[in-house]
Structures are given as structure tokens and as C-alpha cells.
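output the structure for:
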Amino acid sequence: MDSSDHHHKRKRFPKPISPILSNFPYCQHFSCSNSKLLSVRFLVLILASFITLVYLVSVVLHVNSSARFRPVLVVSSFSLLSSYGFSRSIQSVLKFDDFLVPLKIEDRILMPDHVLLLVSNVRSKGLLLKSQELECVYGKNELNVSFDGKGDNDEGVLGQSVLSINEYDEFRLIVRCPLPPANYSAFLNLRKRQRNRIGMRGENGVWTSNQSVNSWENVAYAATLDDDTVVVFVKGLNLRPGRESDPSQFSCHFGLGNWKSDEKFMFTTRAVTAAQEVVRCLVPRSIRKSPEKAQGIRVSVGMRPHVHARAHERVIVPSVAKIFSPSVEERKSGKDKYELCVCTMLWNQAPALREWIMYHSWLGVQRWFIYDNNSDDGIEEVVEELDSENYNVTRHVWPWVKTQEAGFSHCALRAKDECRWVSFMDVDEYFYFPYTTPRHQLYRELGYAGQNALRSLVENVTLSAEPIAEIRTSCHSFGPSGLDSPPPQGVTVGYTCRLQSPERHKSIIRPDALDATLLNVVHHFHIRKGFSYLNLPQSTAVINHYKFQVWDVFKAKFYRRVATYVADWQENQNEGSRDRAPGLGTEAIEPHNWSHKFCEVWDTGLRDFVLANLADRSTSLLPWENPKHRAIHV
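Numbers count the residues shown, from 1 in each chain. Sure, this is the predicted structure:
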């Protein structure tokens, strides 16, 4: 047989189909040659076709800033693979066990005491991650961030342990890294740890993204929809505390790409209110018609650079804020709303949480919003345990330091669909109902308060003829009461000595009656015109504020205050303010005779009330003492 016959036979008898490809119907009817189908040329052709298709789709969908603007970032594969801009993005696929986890660092923010990374988490929700599995990677040369080495010996590369990892919203993780050491850049990356080495590439991948680091002093950090407006939370506006500002100098910018270089991916609307760190703007018409399209769109605030600037001249604040409106599984309206909810912001208060929630649940609180401001004391486990015991508690990760007022505004928006009334208070504050007189029967019956007394009080206010939108309650500040260690039965039983005169007040508000600015100062909101507030008499209700506890507990406050406009303890500012301990100074050094300070009146009222009503009759244990944490609410 000559060579031509061999040639024809090879053509008539193709190579066997591989076992994998033979399962496809197409390959059962046609000759599927492995060499052709899996050739490099074929794969390159497929890849090029896919890239071309994506480009054409993006050109069609990304229209200019006109009334026909159609946001498309609800498609997770687009929105979450885009960061501040579409360009200069590098994505690695990190393999954890049997899962392929596409992750990318979308944003970096240089915070006062750490670097915060926002990392996209498209498919891996619930699979990732433990901080021990990752390492923060720092480079000396900010312009060369590829980290080309293969391990610990990379020249100019330093690795440090991740501080913590949390889920932030539906599609992003928060990874906190230590501040960069001297001579290293804050533009850092992440890599996966191995048992005996650190892998740099391939399946142990490094994730990188846009070539920038945002400063915490100047950034839009959160955004949420509220009816036909978007509320943006932003640092760097430097507006006066406690006052409404002129909204005409601000605007909101909705971006599908990098609005610094590509205006066709931007849509602008005007601001309608501005106060402190909160700017409210109209939303584009297309979003008003289809709010679900706003999910994942990045939004920022523009402002005039100087007083005499033209209206179109705006400086756009850098933004890490994407619109992710909290979903309510069963949106409540009318009679279906919870009558009474509570919102708080805290840092490292896990040991105090059980007593605070169990006590107020007994008084009738039905829903809890916990804004966690970078805790590292295991508070997530406490919240999960309480929620499993039907206390209806949710933890919202709020990584933005010194933003309590803005966080409360965010919580008010979040609670509006679920709650008629929301109390804004701290975990060291407890409602207490002293013995009433006949003139106070409007709010509750004579005698000591019973179970659900606080909820009954707000229900009576709801039913009153007056348009009341805020209930104010005076606070009594308690001291260490002679103790040197935390009281084993809790603060309500252990601390019994206080200052004589009350300090300020805390509020329970109707979230649907707040002023559009959402302006609030230390737990006190501005309410809309036409509504009034109610001052509760001290003989009806007070708040026991366990402000000055034993030194080891109180000392923790020196680390940071969560309020935006309250100076930290270390700062030599407003030392005579009621927000500070009189005579304490600016150093965390225990003053002489601390355990007996702030003690002018012995007040055992709440202690007696708790022991009489909440203690187990057979064991005398309080619910938060019981190892099984027996639920006491109904």
C-alpha cells in the first residue's frame, strides 16, 4: 500500500474520541478529534470570541448620562468584577479545597489603625474564610506591586497576619490588615498561607485590583436607597456638627466605570439635603422605576471646590460605596410592624450583650440591630447564640470608625420598614420604671413595671391623639459603687451608686417621622415639622447609665470613642464635657480611689426589681448567669 492509501485511511479512521468528550451528543454524531478540539488554537479562538462578546455587550449597555441611562450592575459577574474602574484589574482564582473562589481586592482604605480591604466574594459566600488562611503582603516599591517571587524570599516583600475577616454585604468581604511597616507601601495584597511556606501565584494566588489606596479622611463609604432618593455617607465634607447644610453645593454621581476618566459611565443627580456626613440625592429615573437595578452601583458625592465655583464644577470624592439596600425577608407595614426595636453601635462589648438584650426583651423589645464597629472579642458568636434563642438579633458589620451618628442614620433607614419605634441606646444603658403616682397613669398603671412594660408605654403613645415622634428619657450615671472587679450577677445588680443629677436624655423615635436630613446628635434625632416630642417624667421612667464601671472595664473606652464629634479620651479636647470623666485627664492611668468615685446617691431600685422579677425561683440565678442561658421572654 503506497503513501496515498495510508493517507486516505487516516482520513477515514479518525482518532478515538476521548472518554470525556464521548459523553456529549455532538461528539456521538461527528468526529471530535481531541487534538483539534483541545488545541491551543481552538481555545484561543474561543477566548477571543468571548472577550469580543463581552466588549460588545458592555458598549451596548453602558450608555451616556441621559434619561435613558440603564444601570446593569445587578449582574454579579459584571458589577463585582468592576472596581473603581474597569482597567488595570487583575483577578486570580484561589482554590480552597474543592471550591474555586474568584476573589479580587476592590478597594483599600487607610484607616487610623489598620488598612481595610474590600474584597469581592462572588461565589463563595459561606465558604470563606479564616484569617489564619491568609496573609497581608506589603511591597516597598508602590509602582511595582506584582510580587513576582515564589515565597518568603521575595525581595522587597513582607508578609503579616490578617487581623480579621468579616462578611460585609451580599457580595463583599472585609479583610483588615495591620498598618504597613516603615518604608513599606499601604498598597498591599493578600496571599494564601501554606503549611510550611507561603504560595505567591497559581492556585495559592495573589489578588490585586485598582492601583490606589483611599484615605479614610476623604471617601464615600456607604450608600442605601430610601424611596426615590439615595442616602450617601461620606467623610471629608467637613460640615458643621448638629446643623443642616446647603444641599445646592453637592451632587451624587452614579458610576459604572471610572468617572475620573470616562464620563459616559456616569450619571449625576442633585442633592436635596446635606448634614454632617450624610448627603441625600434624587435617584436617576431608571432606578426609580426599577430599584433592583441599583444593587451594586457605585455612588459618590461631588461638591464645589470653592464658593464662587460654577454649578457644573465639581470635585468628586473617592468612593468605595456601593448601593446594597438591606433586604427584609418579610417586609412589614402597618399592623405587621414590630412595635419596639433597638439599635446600638458597639466595640468589644460581647460580655455585656446577654444581660442587656435579655433584660430589655423582658420589657418588650422585639427586634435588635447590632452595628459592630470592628469588635474582636467574639461578639458574632454571642449574637448567633442569642438569635438561636429567638431574641431576633442581627449583627451588621459597620467598619467605619468614629461614625456613630451616621451609623444611627443608616440604622434608622434600615429599621423603617420593620419597626414603629426604635430606641437608640448603648449596651451600658438600661430602662427602669420607678414607682409611679396617679398623674402618670397615662403611660402605665400604678406600681412596679411588669413584663412588656416598655412596649406598652410606646403603644400608649402611638394611640394618643398627639403627633408624637420622639420619647425622651433622662439618664442617671452610675459609678463603680465600691467594686474593684466586674459584678458576677451583671451591672444591673452590681452597680448601685450614682450621681445625683441626671445627664442629658436618650430617645425612642418613630423612624418614619424623622427629618429628611437624618440629623442626630448623641442619640437625639431631628424630627419632621408637625411632630412633637414627649419628655417622660423621671418618676415614670429613667435610664440607668452604667457609665463609670470598674477600672478594667472603663479603661477600654480609652481606645476609641465611636461618636464622630466626641473627642477620644487621649485627646486634650473638651475635658469638661459630660462625654468625659471629670478630672480623669487623657491617660489610661487609674485615678486614686476610682472605685468610690461618682457616688452621690445609693440607688438600689433596679437591682431590687431585677432580683424580684427575673431571678429563677429555684436557683436564684439570673438568665444571663445560667450556663444554659434559659430564654425568659415570650
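
out of the helices and strands in this structure, which is least certain?
Ranking every helix and strand in the chain by mean pLDDT, DSSP states H and E puts helix 76-79 at the bottom, with a mean of 28.

all helices for the stretch 401-550 of the chain, in order.
For the stretch 401-550 of the chain, the helices defined by DSSP state H, counting those that start in this stretch cover 404-415, 453-463, 491-494.

where do the helices sit along the protein?
3-12, 25-29, 34-37, 40-61, 76-79, 285-289, 350-362, 379-388, 404-415, 453-463, 491-494, 551-554, 605-613 (DSSP state H).

just to revisit the earlier point, in CSV: the helices of the stretch 401-550 of the chain, plus mean neighbour count.
For every residue, glycine as well, the C-beta is placed using N, CA and C. Shown next, in CSV, are the helices of the stretch 401-550 of the chain (neighbours: other CB atoms under 10 Å):
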stretch, mean neighbour count
helix 404-415, 24
helix 453-463, 18
helix 491-494, 22
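
can I get these in TSV with distance to Y371 and mean pLDDT?
Converted to TSV, the helices of the stretch 401-550 of the chain look like this (distance: least, CB to CB, whole Å; pLDDT from 0 to 100):
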stretch	distance to Y371	mean pLDDT
helix 404-415	5	94
helix 453-463	21	93
helix 491-494	21	97
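
neighbours of A465, how many?
5 (other CB atoms under 10 Å).

confidence score at it?
Note on A465: pLDDT of 88.

now do the one 5 residues further on
Taken from the predicted model, the pLDDT recorded for E470 is 96.

follow-up on the earlier one: looking at the helices of the stretch 401-550 of the chain, which is nearest to G479?
With CB to CB as the criterion, G479 lies closest to helix 491-494 of the helices of the stretch 401-550 of the chain, at 11.5 Å.

which residues does the residue nearest to L116 when sequence neighbours are not counted bridge with?
Once flanking residues are discounted, L116 sits nearest to I109: 4.5 Å by CB to CB, 6 or more residues apart in numbering. I109 forms beta bridges with L116, N214, as assigned by DSSP bridges.

I109 reaches V175, doesn't it?
No: here I109 lies out of contact with V175, judged by CB atoms under 8 Å, at a distance of 11.2 Å.

higher neighbour count, those two?
A direct count of neighbours by other CB under 10 Å for I109 and V175 places V175 higher, at 25 against 22.

so who does that one touch?
Shown in contact with V175 (CB atoms under 8 Å, 6 or more residues apart in numbering): 116-117, 119, 134, 136, 162, 164-165, 190.

again, only using 7 Å
The neighbours of V175, taking CB atoms under 7 Å, 6 or more residues apart in numbering as the test, are 117, 119, 162, 165, 190.

got it, and D372?
Residues in contact with D372 (CB under 7 Å, 6+ apart) are 346, 379, 395-398.

now P284: how far from T229?
11 Å (CB to CB, to the nearest Å).

scratch that, I109
For I109 relative to T229 (CB to CB), the value is 25 Å.

cool, F531 as well?
Distance of F531 to T229, computed by CB to CB: 20 Å.

neighbour count: the two, which is higher?
Each of F531 and T229 has its neighbours counted (other CB under 10 Å); T229 has more, 19 against 16.

so the more buried one touches C281, yeah?
Yes: counting by CB atoms under 7 Å, T229 does reach C281; the two are 6.3 Å apart.

which residues do these two both contact?
V272.

spatially nearest residue to K597, not counting backbone neighbours?
G479 (5.6 Å).

now do the one you found, the pLDDT please.
G479 is assigned a predicted lDDT (pLDDT) of 95.

tell me who's in contact with it.
With contact taken as CB under 7 Å, 6+ apart, G479 is in contact with 497-498, 548, 597-599.

TSV please, covering those and showing neighbour count.
Output for the contacts of G479, formatted as TSV (neighbours: other CB under 10 Å):
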residue	neighbour count
C497	20
R498	24
F548	27
K597	17
F598	18
C599	18
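
in TSV, list the helices of the stretch 401-550 of the chain along with distance to P180.
Converted to TSV, the helices of the stretch 401-550 of the chain look like this (distance: least, CB to CB, whole Å):
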stretch	distance to P180
helix 404-415	27
helix 453-463	48
helix 491-494	40
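
right, and the ones you listed - which one's nearest A350?
A350 sits nearest to helix 491-494 of all the helices of the stretch 401-550 of the chain, at 14.3 Å, using CB to CB.

same for the closest one, what does it pack against?
helix 350-362, helix 605-613 (3 or more CB pairs under 7 Å, 6 or more residues apart in numbering; DSSP states H and E).

return the set of buried residues in stretch 494-508.
If you call a residue buried by 16 or more other CB atoms under 10 Å, then stretch 494-508 has these buried ones: 494-499, 502, 505-508.

typo on my end, stretch 485-492
Buried positions in stretch 485-492, judged by neighbour count with 16+ other CB under 10 Å: 486-487, 489-492.

format those residues as a markdown table; extra columns: distance to E466.
Converted to a markdown table, the buried residues of stretch 485-492 look like this (distance: CB to CB, whole Å):
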| residue | distance to E466 |
| --- | --- |
| P486 | 42 |
| P487 | 40 |
| Q489 | 40 |
| G490 | 37 |
| V491 | 35 |
| T492 | 32 |
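
what about the strands in the stretch 151-300 of the chain?
Taking DSSP state E, counting those that start in this stretch as the test, the strands found in the stretch 151-300 of the chain are 157-161, 164-167, 172-177, 188-192, 206-207, 214-215, 219-226, 229-235, 244-245, 250-255, 266-275, 278-282, 298-303.

can I get these in a markdown table with mean pLDDT?
Converted to a markdown table, these look like this (pLDDT from 0 to 100):
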| stretch | mean pLDDT |
| --- | --- |
| strand 157-161 | 87 |
| strand 164-167 | 89 |
| strand 172-177 | 91 |
| strand 188-192 | 82 |
| strand 206-207 | 50 |
| strand 214-215 | 94 |
| strand 219-226 | 94 |
| strand 229-235 | 96 |
| strand 244-245 | 94 |
| strand 250-255 | 91 |
| strand 266-275 | 92 |
| strand 278-282 | 97 |
| strand 298-303 | 93 |
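
need the ones you listed in JSON lines (columns: distance to D608).
Compiled in JSON lines, the strands of the stretch 151-300 of the chain are given as follows (distance: least, CB to CB, whole Å):
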{"stretch": "strand 157-161", "distance to D608": "49"}
{"stretch": "strand 164-167", "distance to D608": "41"}
{"stretch": "strand 172-177", "distance to D608": "44"}
{"stretch": "strand 188-192", "distance to D608": "54"}
{"stretch": "strand 206-207", "distance to D608": "57"}
{"stretch": "strand 214-215", "distance to D608": "52"}
{"stretch": "strand 219-226", "distance to D608": "43"}
{"stretch": "strand 229-235", "distance to D608": "43"}
{"stretch": "strand 244-245", "distance to D608": "45"}
{"stretch": "strand 250-255", "distance to D608": "53"}
{"stretch": "strand 266-275", "distance to D608": "43"}
{"stretch": "strand 278-282", "distance to D608": "43"}
{"stretch": "strand 298-303", "distance to D608": "52"}
